[in-house]
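In: prediction below, plus the sequence it came from.
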Amino acid sequence: MSYEIVFGDGALWELDWVPEEILGEIQHALERLARDPVRLGERAMFPDPWKGQKHTFQCRAEDQVYEFVAYFYYHENEREIRIIKVTGAPLIE
C-alpha cells in the first residue's frame, strides 16, 4: 500500500539551496518512503527536533554527496504520511 504524501507548511523551505539536478532524486526518495514507510522510517528521538518518524537518505550531484532527513508522521486517516520537514547538508568526504 502506498501512502499519499502531504507536505506541512514550510516542510521544504530549507531546500532552496539544493542543486537543481538532485531535486528529482529527493522526490523519488520521498516516493519510496510513501511506498514503505514502516521499513524505511525510524523513530525520531532526541536530539532530533521533530517528533514522529524520520527517513534518512543520500543523493549525489557531480562529485558531492548530500544527506537528507525527512521528518514525517502517519495521518490519522491511515492513508497519508505528513512530511513535517526535510533537512539536508553536503557530506564531507
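Out: Sure thing, it's come through. Numbering: from 1, shown residues only.
In: which elements pack onto the longest helix along the chain?
Out: Counting by DSSP state H, the longest helix found in the chain is helix 23-35. The contact analysis (3 or more CB pairs under 8 Å, 6 or more residues apart in numbering; DSSP states H and E) places helix 23-35 against strand 4-7, strand 53-61, strand 64-74, strand 80-90. To be clear about C-beta, it is placed using only N, CA and C from the backbone, and glycine gets the same treatment.
In: how much space is there between the residue lying closest to Glu21 once chain neighbours are set aside and Val18?
Out: Closest residue to Glu21 apart from its sequence neighbours, by CB to CB, 6 or more residues apart in numbering: Ala61 at 5.2 Å. Per CB to CB, to the nearest Å, Ala61 is found 9 Å from Val18.
In: those two: who's more crowded?
Out: Using other CB atoms under 10 Å as the criterion, Ala61 and Val18 rank with Val18 on top: 19 against 15.
In: need the contact list for that one.
Out: Counting by CB atoms under 8 Å, 6 or more residues apart in numbering, Val18 touches 26, 66, 88.
In: what about the last one, neighbour count?
Out: Gly88: 20 surrounding residues under other CB under 10 Å.
In: so Lys51 touches Phe72, yeah?
Out: No: Lys51 is not in contact with Phe72 according to CB atoms under 8 Å; the separation is 10.6 Å.
In: name the residue in the two with the higher neighbour count.
Out: Higher neighbour count among Lys51 and Phe72: Phe72, with 29 against 12, using other CB under 10 Å.
In: check what pLDDT the more buried one gets.
Out: You'll see Phe72 listed with a pLDDT of 95.
In: isn't it right next to Gln53, touching?
Out: Yes: with contact defined as CB under 8 Å, Phe72 counts as touching Gln53 (5.4 Å).
In: what do the two both touch?
Out: 37, 41.
In: next one: the residue nearest to the spatial centre of the chain from Thr87, what distance?
Out: Centroid check for the chain by CA atoms, centre = their mean gives Ala70 as the closest residue, at 2.4 Å. Distance, Ala70 to Thr87, using CB to CB: 8 Å.
In: run through this structure and note the low-pLDDT ranges.
Out: Along the chain, segments meeting pLDDT under 70 span 93.
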